[in-house]
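Student: have a look at this prediction, sequence included:
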Amino acid sequence: MLSGLCWKLVLIGLIFLLSKAKLMALLHIALNACWA
């Protein structure tokens, strides 16, 4: 049961990191568009 919870936390962490990476990519694109 504890290992299942651990996997859920890892999955949530990965999703958070991916969404954060997407936000950073969008910000980067927006900044490039502004400077262009």
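Tutor: Done, it's in.
Student: going by C-alpha atoms from here, please, whenever you check contacts or count neighbours.
Tutor: Will do.
Student: Leu18 sits in which helix or strand?
Tutor: Assessed by DSSP states H and E, Leu18 sits inside helix 2-35.
Student: please identify the buried residues of that helix?
Tutor: In terms of neighbour count (16 or more other CA atoms under 10 Å), helix 2-35 has no buried residues at all.
Student: residue numbering should commence at 385 henceforth.
Tutor: Fine by me, first position is 385 from now on; the one you just mentioned is helix 386-419.
Student: give me the low-pLDDT residue ranges for the chain?
Tutor: 385-386, 420 (pLDDT under 70).
Student: can you rerun that using 90?
Tutor: The chain contains residues with pLDDT under 90 at 385-391, 417-420.
Student: quick one: Met408 from Leu393, how far?
Tutor: Distance of Met408 to Leu393, computed by CA to CA, to the nearest Å: 22 Å.
Student: again with Leu411
Tutor: 27 Å.
Student: next: Lys404.
Tutor: 16 Å.
Student: same deal with Ser403?
Tutor: 15 Å.
Student: same check on Cys418?
Tutor: Relative to Leu393, and taking CA to CA, Cys418 is found at 37 Å.
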